[in-house]
Structure formats: structure tokens, C-alpha cells
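In: Structure, please.
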Amino acid sequence: MAVTTSKGTYDVAPAVRETFQKVRVFFGAWTAALARKKFSLYDYDAVKQMISSSGFFVSMGSKARSYHSDSTKVSLNTSIIGAVLGPGITGGGMAIAQKALARIGGKISDGFSEQKTDKEIAHLLFICESLMGMPIVTISLYHTKLEQFGWVQKTNCEKVSRQTIDFKFYSDDYLFVDPNYINKFTADFEKSDSYEKLIDELAKTLDGLPS
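Out: Numbers count the residues shown, from 1 in each chain. Below is the predicted model of the structure:
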């Protein structure tokens, strides 16, 4: 996805276009590197590790969400109970009748069905922006996995069903750092004694707090 403050697409500065192309080249090599190690976009940990350790991206945010559900439902055919023991049965008599039907349920016609669903989505979103001539490229990595399993066992006396759902969602956002800026400004980050002293003084204000 591309966003610009210029009047038209053709007004984007050459330097901005060049930055966008650099990102494409990087991810071309990145895709080949994953394939060389037998990984793909579905291998979330490998994908995230390669982006984070490249040195060309700033981590802007990370989200992880999960959902699990496991439910079992049992229902007995009360019309059979009424036909056998009478329509007025209630309370403890109903419980006894249900147990009796549960025992004979396997001897009466029955059916069993099972269903399993696995879905996995992995997506890489490029957002290329030109804001007042300044190129900004952000990358959003999404990974979603859904596992759903259920079965139903049904007789003319009872119905037992169970459903299990596992859902996981991960997303990470990164800001691209142009290699030209890395080469230009890295030297400015050489250690300074006065700067290290300032850091130590600030760190001391955290003494006594649980880490």
C-alpha cells in the first residue's frame, strides 16, 4: 500500500522511490533465504527472527492473542422416557430413567460423525508513505491459526457432542531504516564518557524498584 502527500503518483521524489525499491530488494533476498532454509511465511518465529535481527528495522509494536474453548453437551430423548415410564415422571425418577437409557443406548441404532478444521493465514503488508518528501516504510506481519475439532455421537436415546476451538493471532509492526542513514549516522553513536555518566545517573533513579 502506498500513501503520498504529493498531488499525483508521478510527483514522488526519486529518492523516495529509491527507498521503496530498497525494501523490495531486501524482502526478495529475505524470501530466498527462508526458502534456502526450508522455511516459509507460515514459520512465524523464523520470519520474525530474520526481520528483527537484520538491523534494518525498528520494532514498533507486537500483539499476541489466543482463545480456547472446550465444551461437551449431552442430551437424552425425554420422549422415550415418557413413553416407557409414563409422562408424569420427574425428579429422582427422571435421573434413574436417564441412566437406564444411557445403558441401553449403545444397543439401539446409533451414528457417529467427526469434523476437523485447520486454517492458517500469514500475511506481510508493506505501507510505503511519502510525507512532505520524506520516505517512510512500515512493515506489518500477521499470522493467524485456527484449529477446530468436533464430534457428535447420536442414538435414538441420546446425543453427545463435543467441540474444541483453538485460535491464535500474532502481529508485529516494523519501521524500515534506510542503509544510507545507517552508514551516515552510525559513527555518531560512538560512546561518550559524559553521555555514559548521564545514563548512570538516570539509571540510579530506578534503584529499589522491582525489575
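In: Tell me the bridge partners for residue 128.
Out: Beta-bridge pairing for residue 128 (DSSP bridges): residue 2, residue 137.
In: Wait, it touches residue 21, no?
Out: No - Residue 128 is beyond contact range of residue 21, at 10.0 Å (criterion: CB atoms under 8 Å). Placement of C-beta: from N, CA and C, glycine included.
In: Which of those two has more residues huddled nearby?
Out: Neighbours around residue 128 and residue 21, counted as other CB atoms under 10 Å, are more numerous at residue 128. The numbers are 20 against 10.
In: From residue 184, how far out is that one?
Out: From residue 128 across to residue 184, the span is 21 Å (CB to CB, to the nearest Å).
In: again, but for residue 130
Out: According to CB to CB, residue 130 and residue 184 sit 20 Å apart.
In: Mind checking which of the two has more residues around it?
Out: residue 130 (23 against 10).
In: Report the contact partners of the residue nearest in space to the middle of the chain.
Out: Nearest to the geometric centre of the chain sits residue 169, at 1.9 Å (CA atoms, centre = their mean). By CB atoms under 8 Å, 6 or more residues apart in numbering, the contact set of residue 169 is 63-66, 142-144.
In: So it belongs to a helix, correct?
Out: No - counting by DSSP: H, G, I helix; E, B strand; the rest coil, residue 169 falls outside a helix, being strand.
In: any chance you could map the strands in this structure?
Out: Taking DSSP state E as the criterion, the chain carries its strands at 2-4, 57-76, 110-131, 134-155, 158-176.
In: nearest to residue 206, of those strands?
Out: For the strands of the chain, proximity to residue 206 was assessed by CB to CB; strand 57-76 is nearest, at 22.3 Å.
In: Would you give the sheet partners of that closest one, along with the direction of each?
Out: strand 158-176 (antiparallel).
In: Just give me how far the partner strand sits from the chain centre.
Out: In terms of CA atoms, centre = their mean, to the nearest Å, the centre of strand 158-176 is found 8 Å from the chain centre.
In: end-to-end on stretch 174-186?
Out: With CA to CA, to the nearest Å as the measure, the first residue of stretch 174-186 is 20 Å from its last.
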